[in-house]
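**Student:** need the 3D shape of this:
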Amino acid sequence: MEFLRYLSITLFVIWCVSEIVISLISAINKSTVSSTGEDRFSFFIVWLSTVPPILFAYLIQNHSIFSNGFGSFSTQFPFLGYLGCVFIAFGVAIRLMAVATLKQQFTTTVSIIERHKIVETGIYKIIRHPAYLGYLASLLGIGLVLGNWVGLTALVVLPLAGILYRIHVEESVLLSYFGSAYQEYANRTKRLLPRIW
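**Tutor:** Okay, here's the model as predicted:
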């Protein structure tokens with residue numbers, strides 16, 4: 001269990017650092033390329049649906065109400081903690097891969113940049129929103145590592161709702177800008193889960 005604790009802390013720090021790096025990449029991209037914002041508060045909604053649930057999940061992790069059998073599964077199923085570590089690592093890797101594929105087109109807010117193109121290479125051949133898939137996978141992993149059903153639920157349901165709103169905003173903007181070209185791309189790919197949705 002001590003190994004799992006150190007592993008999960010290390011992966012959480014890596015996740016935090018990766019999100020800081022992603023934010024810096026977005027800021028650099030915004031400063032070097034002219035863009036028009038179409039965000040409709042989706043960045044704020046995703047932030048609000050993520051940060052408070054993470055804090056909540058950490059705060060209740062060992063609270064007596066939830067750790068005496070009602071919410072805790074970490075002592076009964078320690079393998080779920082290791083599975084959570086796999087999800088965190090997978091999420092970070094796929095999110096960074098998505099950002100690297102988009103290059104200068106990546107921003108943390110929904111924007112149309114100068115000479116914007118539909119990216120259909122790499123993982124974008126399969127799904128349209130791999131960065132969001134990675135984000136959600138990492139949050140699921142954090143919830144599994146914390147080992148509390150209530151915290152896990154908060155870390156899955158609320159961020160998923162925020163990301164679904166973000167996808168709706170982003171796809172509306174891209175469809176409006178690219179028209180039939182984006183619709184054809186959407187018809188060939190799934191949003192988050194290959195061959196499912």
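**Student:** lowest-pLDDT helix or strand in this structure?
**Tutor:** Taking all helices and strands of the chain together, the one with the lowest average confidence (mean pLDDT, DSSP states H and E) is helix 64-67, at a mean of 59.
**Student:** got the buried residues for the helix or strand following that helix?
**Tutor:** Later in the chain than helix 64-67, the nearest helix or strand by DSSP states H and E is helix 79-102. Taking 16 or more other CB atoms under 10 Å as the basis for neighbour counts, the residues of helix 79-102 that come out buried are 80-81, 84-85, 87-92, 94-99, 101-102. Just so you know, the C-beta spots here come from the backbone N, C-alpha and C atoms, and that holds for glycine as well.
**Student:** and helix 79-102, C-alpha only, in CSV?
**Tutor:** Coordinates of each C-alpha in helix 79-102 appear next as CSV, following Å, rounded to 0.1, in the frame of the first residue of the first chain:
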residue,chain,number,x,y,z
PHE,A,79,-6.2,-3.1,-7.0
LEU,A,80,-8.6,-0.3,-7.9
GLY,A,81,-5.9,2.1,-6.7
TYR,A,82,-3.5,0.6,-9.2
LEU,A,83,-6.1,0.8,-11.9
GLY,A,84,-6.6,4.4,-11.0
CYS,A,85,-2.8,5.0,-11.5
VAL,A,86,-3.1,3.4,-15.0
PHE,A,87,-6.0,5.8,-15.8
ILE,A,88,-4.1,8.8,-14.6
ALA,A,89,-1.0,7.9,-16.7
PHE,A,90,-3.2,7.1,-19.8
GLY,A,91,-5.1,10.3,-19.4
VAL,A,92,-2.0,12.5,-19.2
ALA,A,93,-0.4,10.7,-22.2
ILE,A,94,-3.4,10.9,-24.5
ARG,A,95,-4.0,14.6,-23.5
LEU,A,96,-0.4,15.6,-24.2
MET,A,97,-0.5,13.6,-27.5
ALA,A,98,-3.7,15.5,-28.5
VAL,A,99,-2.1,18.9,-27.7
ALA,A,100,1.1,18.0,-29.6
THR,A,101,-1.0,17.0,-32.6
LEU,A,102,-3.0,20.3,-32.7
